[in-house]
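1. Curious how this folds, go ahead:
(chains A and B)
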There are 2 protein chains.
Amino acid sequence: MSENFNELDARLWPATATRNSNGVLTVGGVSADDLVKDFGTPLFVIDEQDVRTRARDYMDAFTTSDVPTTVFYASKAFLATKVAKWVADEGLFIDVCTEGELEVALRAGVDPAKILFHGNNKSVAELEKAVRVGVGRIVVDSFVEIERLNHIALAACCTQQVLIRLTVGVEAHTHDFIATAHEDQKFGFSVASGSALNAAGQVIAAEGLSLLGLHSHIGSQIFDANGFEVAAHRVIQLAVHIRDTFDFVVSEINLGGGMGIAYEHDDDPLNVQEMAKSLRDIVVAECHRVTFPVPHLAVEPGRAIIGPAGVTIYEVGTIKDVAISDSQTRRYISVDGGMSDNIRTALYDAHYTAALASRTTTAVGAQSRVVGKHCESGDIVIRDAVLPADISPGDLLAVAATGAYCRAMSNNYNYIARPAVVAVSHGKVEVILRRETLDDVLFLDPGAQTP
Amino acid sequence: MSENFNELDARLWPATATRNSNGVLTVGGVSADDLVKDFGTPLFVIDEQDVRTRARDYMDAFTTSDVPTTVFYASKAFLATKVAKWVADEGLFIDVCTEGELEVALRAGVDPAKILFHGNNKSVAELEKAVRVGVGRIVVDSFVEIERLNHIALAACCTQQVLIRLTVGVEAHTHDFIATAHEDQKFGFSVASGSALNAAGQVIAAEGLSLLGLHSHIGSQIFDANGFEVAAHRVIQLAVHIRDTFDFVVSEINLGGGMGIAYEHDDDPLNVQEMAKSLRDIVVAECHRVTFPVPHLAVEPGRAIIGPAGVTIYEVGTIKDVAISDSQTRRYISVDGGMSDNIRTALYDAHYTAALASRTTTAVGAQSRVVGKHCESGDIVIRDAVLPADISPGDLLAVAATGAYCRAMSNNYNYIARPAVVAVSHGKVEVILRRETLDDVLFLDPGAQTP
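-> The predicted model follows:
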């Protein structure tokens, strides 16, 4: 246990993360203690330059080729008007899956033509709104939706461009993927069963719809391109089948998102250049093999853009050493947030990395568990971490790579107000989402309103 | 697959749940279709009479004995001012674990003396507020907190009554419990290690604190009293140890909550009368055995009061049959909510029971999965359910026993606004928490405000 607790592994922490001369974590040129003084804890801090660089890296990696590619930011990972503006600035399109996400993108000024609308159960109102505002692509997900959307488009006197969401029988997750004929999930039309081909026929026949392409999404936290190879093979096979059956050539293939990021030192996802090259090579090779024109390609990174750019800063509240056997203890470090601002540990058994943010240390390590303040024993932020043995109440603790699916899934369990999200860049701070107040949280309760 | 889909199992559905002459589910004398017309879907519906009856049952079961007992409503299960008023009306005290929960109870007019404050990491501000408003009991959870609270109480010139949270090495869950020496969790002082005895000594010596009693909470969804027997044995053993060491007799023993409810037909929790009798018998027998004066008893039901009284009403949006093998299909029924209003299925692998709410049916059953509308394949409400094969888009589907830990843990994932919660009673409807609007959800984003 002689780790250097003061180092910040560049693969885990935001690009501009460093320690200032006082040893305090700084991101975007702003120190954690200054941020906390102004905005309190817990606090989400997003490194704007890091987000922009990652977005640009995706653009560069995918658009330098002879295979034209659109990069969609998967907004479910984390969305706010500022984030939508950043990614749009950098040339990305954006994918949304509800009226709410659509509205944020629109209020951010994103061109509706650059928005793609996902979802297994979009409401009629959502479809109507999407058509009305001129969303560029809607990914249809069921036969009833194809009908609905066709009626809505016809009523609006327009032709809506759609992609067909496929289930290709590939399920990818981190270091592995499985390929089966069938896929037991709510999304998409099964390729194996013939549903997808039927859906294509129905869309082609629908006067209000224009079939742009096919969409496949194989999972999340994907660390290499193997799963995409099987998926692309099956998608392109279907494209050939559609051409042969309906004399119709789809022009866009969207391989979805799921590109993984590092949460711990040992995580080793493929970098974006290699991933882009692999995906292109796979698609081009497959198209050549079956003599199909290389389509326009699309991908949907979300976590890979915003995840590593975000950190959460907590204040340590209580420390407790718990005997877990006659010879072993575990240090419980309680922070002032928890499963309300990061449910991923409890929900997915996700792993995170923490660092002492308010100072450096020369302490040895202690086997620790970082827990929240909720009234639930499953309220764990980091299950197993070796952390400096001198961490004390009042210290600031930073958790890396919390930009995606933390604030986005945050809740008010135990009536805890949700943290602010601030963007830092070149020494400046901007509020992306302001901190909830207790009055905000009580706002929906008619009996809680003070006169 | 010849179930009667029109029956409503009384152990799963609210006490007043029935079907009206049109076959529509009614609760509290109000039909699901009327509720949905006025309040939309998804909608949480709470049967007020059922909550009050369950609260009263707890009072009756526990207070008819010669062992005086206080029943605390565990507000983390679900809290709003109206619910706090109901349970206070029925004679229950209330337990809270954050400033937010405390504030709701206070705004509801709950007597602070009847409030108990829990938590492994209460902030200094929370402790100060609790002392200032005169919270009756604070459960101390760490040595640093004992010190903090003592300082705060002394500064406020008052003596704060406290209980000591113990870890007794019993972990209970549904049909089973385990008993060990150590307990690997964030809450409490270990009895086995001697921490709890030291904590008692520290509290007794603290001039600002008055040691009222000991607190133990062994888990959740407990279906019988066996785990409580081991816990009570260890708590009372510690009480004897405290008496012998410090010449101090604790006067209250709080055995916590965790009393289970039925989520599915086969769930068979002990009823409250039997549970109360068992707990009393256990405590009395144990006290007699070690010649210790029978203390004041306390319990903390939360889910058992509010859980079965609540249902969620969804509208079905899309239906999809998915081949899961060459011979089997699964019907995916998508509703207009999901993991934002009920994360328990994904988080705890919780099971629920659903019924067609908008009509009766004579259909056969279909192997189904009820899923939400979020952009995530894990967004499942009920993993395995046999549901009427004629369920169609537009039907209302009710899910039973969602009163606890659903709205309380709800989130805005995918920018989905949270459902309203309404109380129904004798044909009348009152809004407990109004529905969030999209503007509410966007309120924290400075860039999303329309001028």
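
2. So what's the residue count around A:Phe117?
-> Neighbours of A:Phe117 under the rule other Cβ atoms under 10 Å in any protein chain shown: 29. Where C-beta positions appear, they are placed from N, C-alpha and C, glycine not excepted.

3. Distance of it relative to A:Phe72?
-> Going from A:Phe117 to A:Phe72 by Cβ to Cβ, to the nearest Å gives 11 Å.

4. Now do the shared contacts for the two.
-> A:Asp95 (Cβ atoms under 8 Å, 6 or more residues apart in numbering or on different chains).

5. and the nearest residue to A:Ala181 once chain neighbours are set aside, how many residues sit next to it?
-> Residue nearest to A:Ala181 in three dimensions, not counting chain neighbours: A:Ala192, with 4.4 Å by Cβ to Cβ, 6 or more residues apart in numbering or on different chains. A:Ala192 is flanked by 17 other residues according to other Cβ under 10 Å.

6. you'd agree A:Ala192 is up against A:His182?
-> Yes: under the criterion of Cβ atoms under 8 Å, A:Ala192 makes contact with A:His182 at 6.0 Å.

7. what do these two both touch?
-> A:169, B:323.

8. re earlier: does the residue nearest to A:Ala181 fall in a helix, a strand, or a coil region?
-> The three-state label given to A:Ala192 by DSSP: H, G, I helix; E, B strand; the rest coil is coil.

9. got the contact list for it?
-> Here A:Ala192 is in contact with A:169, A:181-182, B:323 (Cβ under 8 Å, 6+ apart).

10. The same query, at a cut-off of 10 Å, please.
-> Neighbouring residues of A:Ala192 by Cβ atoms under 10 Å, 6 or more residues apart in numbering or on different chains: A:167-169, A:180-183, A:234, A:238, B:323, B:326.

11. and if you look at A:Met275?
-> A:58, A:61-62, A:222-225, A:228, A:259-260, A:269, A:299, A:301, A:304 are the contacts of A:Met275 under Cβ under 10 Å, 6+ apart.

12. which element follows the helix or strand where it lies toward the C-terminus?
-> According to DSSP states H and E, A:Met275 maps onto helix A:272-290. For helix A:272-290, the succeeding helix or strand toward the C-terminus, using DSSP H and E, is strand A:296-299.

13. what phi and what psi does the backbone show at whatever residue of the stretch 1-150 of chain A ends up closest to chain B?
-> Nearest residue of the stretch 1-150 of chain A to chain B: A:Gly100, at 2.5 Å (Cβ to the nearest Cβ). Here is the backbone geometry of A:Gly100 (degrees, to the nearest 10): phi -60, psi -50.

14. residues in contact with the closest residue to it other than its chain neighbours?
-> Leaving aside its sequence neighbours, A:Gly100 sits nearest to B:Tyr415 (Cβ to Cβ, 6+ apart; 2.5 Å). Contacts for B:Tyr415 (Cβ under 10 Å, 6+ apart) come out as A:75-76, A:79-80, A:96-104, A:408, B:340, B:438, B:441-442, B:445.

15. Any figure for the gap between B:Tyr415 and A:Phe78?
-> In terms of Cβ to Cβ, B:Tyr415 sits 11 Å off from A:Phe78.

16. before we move on, the earlier item: could you work out the most separated pair of the contacts of A:Met275?
-> Within the contacts of A:Met275, A:Phe62 and A:Phe223 form the most distant pair, 18.2 Å apart (Cβ to Cβ).

17. The stretch 51-200 of chain A: strands as residue ranges?
-> Along the stretch 51-200 of chain A, the segments classed as strands by DSSP state E, counting those that start in this stretch run A:69-74, A:93-96, A:115-117, A:137-140, A:160-167, A:170-174, A:176-179, A:189-190.

18. For B:Ile253, find the nearest of those strands.
-> strand A:170-174 (46.9 Å).

19. helices and strands around that closest one, which ones?
-> strand A:176-179, strand A:219-222, helix A:226-246 (3 or more Cβ pairs under 10 Å, 6 or more residues apart in numbering or on different chains; DSSP states H and E).

20. Point out the most buried one among the ones you listed.
-> Ranked by mean neighbour count under mean count of other Cβ atoms under 10 Å in any protein chain shown, those are led by strand A:219-222, which reaches a mean of 22.

21. Any part of it near chain B?
-> Yes: Strand A:219-222 comes into contact with chain B (Cβ under 10 Å from any Cβ of the partner chain), by way of A:219-220.

22. That strand: how far from the chain's middle?
-> 10 Å (Cα atoms, centre = their mean, to the nearest Å).

23. can you check stretch A:317-328 too?
-> 35 Å.

24. start to end distance for that stretch?
-> 23 Å (Cα to Cα, to the nearest Å).

25. do it and chain B meet at all?
-> Yes: counting by Cβ under 10 Å from any Cβ, chain B is contacted by stretch A:317-328 at A:317-326, A:328.

26. Surely A:Thr16 and A:Asp50 touch.
-> Yes: contact criterion Cβ atoms under 10 Å: A:Thr16 and A:Asp50 qualify, at 6.5 Å.

27. which one of the two has more residues nearby?
-> Looking at A:Thr16 and A:Asp50 with other Cβ under 10 Å, you find the greater number of neighbours at A:Asp50, namely 24 against 19.

28. what domains does the record give for chain A?
-> Structural domains annotated on chain A: A:18-40+A:309-442, A:49-306, as defined by automatic domain parsing.

29. which residues does the residue located most distally from the centre of chain A contact?
-> For chain A, the C-alpha lying farthest from the average C-alpha position belongs to A:Asp326; by Cα atoms, centre = their mean, that distance is 42.2 Å. Neighbouring residues of A:Asp326 by Cβ under 10 Å, 6+ apart: B:181-182, B:192-193.

30. The residues you listed into a markdown table, with extra columns for pLDDT and distance to B:Val422?
-> Formatted as a markdown table, those follow (pLDDT from 0 to 100; distance: Cβ to Cβ, whole Å):
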| residue | pLDDT | distance to B:Val422 |
| --- | --- | --- |
| B:Ala181 | 78 | 48 |
| B:His182 | 81 | 45 |
| B:Ala192 | 93 | 47 |
| B:Ser193 | 92 | 48 |
